[in-house]
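Undergrad: A structural model of the following input is requested.
(2 chains)
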Amino acid sequence: MDWQLIISAFIAGTINILLGSFVYVKNPKRATNIFLALMAFSIALWNAADILMPFSKNPSIALWWDRICYIGAIFIPVFSIHFVISIVRDILDKNWRKILTITYGSAYVLLCFIFTPFIIKEVWLEPFKEVPGFLYPLFIIFFIGYFLYGLYILIIGFKKSTGLKRTQISYLFLAYFIGLVATVVYFLIILQGISMLPLHHIIEIGYILVVTYAIIRYRLMDIKVVVSRAGVFAIVYTLVLGIPFGIGSFVRDPLYKIAPDWWWLLPMFLLVALATAAPFIYMKLQKRIELRLRAEEFRSHEALRRLSHNMLRFPNLSNLLKLIVHQLVKILKLKFAVIYLFDAKDEKYIMKTYWRPEQFLKTPFEPPAEFPKDASLVKDFYLRRLPIVTEELKLFMPKGTSIHIRELVNSLARLKANTVIPSFLRNRILGFLVLSDRRTNAAFTQEDLNLLMVLSNEAALAIENAQFHEKEKSVLAERSRREALADMAPGASHQFNNRLVAISSSAELALFRLENINIDKIEQEDVKTAIKDVKSRLELIDKEVYKGKEITSAILKRAKAKVDFQDVDMRTLIENAYRLVEISYSKSGLEKPKSLGFNITVSNEVPLIFGSEALLQDCFYNLIDNAFDAIRERMGDNITDGKIEVVLTKEGQDVIVQVKDNGIGLTKENQRKLFAPYFTTKASSNKGSGLGLYVIQDFIEMHQGTIRCDSEYQEGTSFTIRLPIRKRGR
Amino acid sequence: MHRILVIDDEEALIKNIEDFLKAKGYEVFASLDGNSGIELLKSQNVDLLILDLHLKDGPSGIQILRVAKMVKPDLKVVMFTGFGEEEEARTSCMSLGANAFLCKPTSLKDLTITIEDLLEVK
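TA: Residues are numbered from 1 along each chain as shown, chains lettered A, B, ... in the order given. Sure thing, here's the model as predicted:
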């Protein structure tokens, strides 16, 4: 019994059944998978003949088994054609139905003759031999003919396809070529009756493995690489085994004469030496060949790596983004590239940069201006953390899939994207990069995508860096503005004050003169009223001048605000501010409201913050002072239960201070204008230059904090100040 | 009758002060710049000097203050300062012997009160 044949047939058949089932289970609804599985099962059935026949008791049972298994042989080319057609169907428009009908028809015709002696005449068992019938050549023509036709369809398909499909087809082409070799080898065995190593089983395994790989894998390696690796491997190891054996058989006799017991040492030594050297030779050769084969690809990878490295050097955000899209379009030979970035204010992904080379400007295309933060695209990124390749979605997603995937496909279609790559920064998607098809029609390989992922994460860092720079720049600009103001303010306010002095002293002098006139002595009534009128207007001028003075002093204060930062205890600072307000009240002669409660609560461990005591004191002094005024305005001087409440909390990396009062409150309109310069609600009083809250906001912002106002008219006002806890030295 | 010298480069202000103080019964001399001011200080025996810290040209307020105190050590001096300068000015001017500070814009009333205090009138 030919155990070699039985075992190899068993292994090949099992692999076919396993792979066929696997492919089918992967996507039972897809024609490609179905026919690949059917083809694998047919091959397995044919393989079964090599096992069933030797175990048959007599030649007639063996013949019966053989004919059964030949049904598989007839359907291999049929299913393989159907399989190929399912792949190229959407690329080549042809009347596939007709071709399929002919294919299936001819198979059925052959099937009719399977149990006649026309195809297989008889089988011998010892020695094993199949005797072909006179129609057997027809079967060979049928088999090889359809294989060749399959190759032909694949060639045409390859020419017309793009991207992933193109790579897939090239793999199938390789597989069909291998399959053809297996077939030829097999028919040679049958026709010549040569009994040799069951080579066709091994080649057959190669065939089915390549086909399965091409169908199942998402991203296929460049076929040139695969072929060259396999080729080099085969050559190197053939030599490793061949040279010692060759030399061994050649020098055996002379060596045997010299040392009958040790003659094998030399070939053995050679084998060991070569086997040790083989991996290095293989790697070196492989590297050389790949360098030549994939020169273009390596160049582009190198360029991508360089881009990754250089990105961090661009502190200007818009330049950085432009650089990225330009370079990507150039390196990867794209039709366009777009960058979307997350906008924290709008909570959306906004298109930031879009670029395409001139030759593509004619086709009208405008990428969507924005994506919501919960777009299907973004959800998918968070879920899988991988690039989305449109073609893969289309190819591998089963039909009638979830809404999520349909949405995803739709948004990708809107983008005309080939691939979208997320940019992660500390588990947050900072943005994403949209890449078009390549001008070469090639798909992105896994290596390309890996590199692009690295690049996009690197880009996230660079973008953050640029954003930080930009913020810093605006802070610097603000600082220099402040400094310029500080330089200018003393002179300007001095000049302005001098004008005010001139006005007020003139008014005062005029008033003084008028006071010396005894109005009662004047007889004409109109002169009397005129003098009274002039007097009141002069008083008004005097008063207004004092308001003007308050403004200049506020400007000067803001300009001179020295940013002398130190550790500040907020509780003490606010208590001091309150005391100062009280003192100023008693000084101004206004009675401090009798039943006014001031309460300060610290809700948890509030750390010291690094800030300017003077500026913060000023802020809280003004806020508390405003609260006093608001309460007085609501309740008059007869305050019954005015309350000012300050709450201090630590929240994350911030200290939150709330200043609440139950005073008059603000109307919606006034709330809106609250932080505008020169806005005041205290129009009736002398107090309030209107710079208060504007300056407070400014001071808070100097601490990189924020201030918010919530107010209900006739109910009260609450200011919420958020100050970051910062460490000394920043 | 007390004699008062006003040195300030603000013509309108100086005129107003002059008129006002004259009306109040003082003998007033006015000067728009430091140099002629110092001349007046030397030639006229004034009791009180009203001096602006900032003068456009010529010697600065501080320099005039120093000279004035040398010429007449018992001279009372009222300084005019701009806002926010009191603190810095106060220390240096106090050590040089200035008696009072008034922050512009100041009212003539306040000025009179200060002058009356210093000259111990009433």
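Undergrad: what residue lies at the spatial centre of the chain?
TA: Since you didn't name a chain, this refers to chain A. What sits nearest the mean C-alpha location of chain A, by Cα atoms, centre = their mean, is A:Pro422, with 0.6 Å.
Undergrad: wrong one, I was asking about chain B
TA: Nearest to the mean C-alpha position of chain B, counting by Cα atoms, centre = their mean, stands B:Ile50 at 1.0 Å.
Undergrad: so that one sits in a strand?
TA: Yes: assignment of B:Ile50 by DSSP: H, G, I helix; E, B strand; the rest coil places it within a strand.
Undergrad: For chain A, see how far away it is.
TA: Separation of B:Ile50 from chain A (Cβ to the nearest Cβ, to the nearest Å) stands at 12 Å. Any C-beta I mention is one placed from the backbone N, CA and C, and that applies to glycine too.
Undergrad: Domain ranges for chain A, per the record?
TA: Domain ranges of chain A: A:3-217, A:223-293, A:298-469, A:563-730, per automatic domain parsing.
Undergrad: Format those domains as CSV; extra columns: distance to chain B.
TA: What follows is the domains of chain A, written out as CSV (distance: least, Cβ to the nearest Cβ, whole Å):
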stretch, distance to chain B
domain A:3-217, 71
domain A:223-293, 74
domain A:298-469, 35
domain A:563-730, 12
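Undergrad: where do the strands sit along the stretch 351-500 of chain A?
TA: Taking DSSP state E, counting those that start in this stretch as the criterion, the stretch 351-500 of chain A contains strands spanning A:370-372, A:388-389, A:419-425, A:428-435.
Undergrad: neighbouring contacts of the longest one?
TA: With contact meaning Cβ atoms under 8 Å, 6 or more residues apart in numbering or on different chains, strand A:428-435 is reached by A:324, A:328, A:332, A:334, A:337-342, A:349, A:352, A:367, A:377-378, A:381-382, A:415, A:417-424, A:444, A:452, A:456, A:459-460, A:463-464.
Undergrad: Equivalent analysis for stretch A:695-709, please.
TA: Contacts of stretch A:695-709 (Cβ under 8 Å, 6+ apart): A:554, A:557-558, A:561, A:563, A:609, A:611-612, A:615-616, A:618-619, A:622-623, A:654, A:666, A:671, A:674-675, A:717-724, A:726.
Undergrad: swap in stretch A:645-659?
TA: Residues outside stretch A:645-659 that contact it (Cβ under 8 Å, 6+ apart): A:570-571, A:574, A:598-607, A:609, A:620, A:623-624, A:627, A:644, A:660-661, A:705, A:718-725.
Undergrad: Give the buried residues for that stretch.
TA: Across stretch A:645-659, burial judged by 16 or more other Cβ atoms under 10 Å in any protein chain shown covers A:Glu645, A:Val646, A:Val647, A:Leu648, A:Lys650, A:Asp654, A:Val655, A:Ile656, A:Val657, A:Gln658, A:Val659.
Undergrad: what about the stretch 51-200 of chain A, any weak spots by pLDDT?
TA: For the stretch 51-200 of chain A, applying pLDDT under 70 flags the ranges A:193-197.
Undergrad: at 80 instead, please
TA: Filtered on pLDDT under 80, the stretch 51-200 of chain A yields the residue ranges A:90-94, A:124-130, A:162-164, A:189-200.
Undergrad: ranges for the strands of it?
TA: Along the stretch 51-200 of chain A, counting by DSSP E, counting those that start in this stretch, strands occupy A:120-124, A:129-132.
Undergrad: do chain B as well
TA: Under the criterion DSSP state E, chain B contains strands at B:3-7, B:27-31, B:48-52, B:76-81, B:100-103.
Undergrad: which secondary structure elements does the last one contact?
TA: Helices and strands touching strand B:100-103, by 3 or more Cβ pairs under 8 Å, 6 or more residues apart in numbering or on different chains; DSSP states H and E, are strand B:76-81, helix B:86-96, helix B:108-119.
Undergrad: Determine which stretch of these is the most buried.
TA: With neighbours defined as mean count of other Cβ atoms under 10 Å in any protein chain shown, the helices and strands packed on strand B:100-103 peak in mean count at strand B:76-81, which reaches a mean of 24.
Undergrad: Which strands border it, and is each parallel or antiparallel?
TA: strand B:48-52 (parallel), strand B:100-103 (parallel) (DSSP bridges).
Undergrad: Contacts made by it with the rest, please.
TA: Under the contact criterion Cβ under 8 Å, 6+ apart, strand B:76-81 has outside partners B:8, B:47-53, B:61, B:65, B:68-69, B:89, B:93, B:97-104, B:106, B:111, B:114-115, B:118-119.
Undergrad: Wait, the residue nearest to the centre of chain A touches A:Arg385, no?
TA: Yes: at 7.3 Å, A:Pro422 counts as touching A:Arg385 under the criterion of Cβ atoms under 8 Å.
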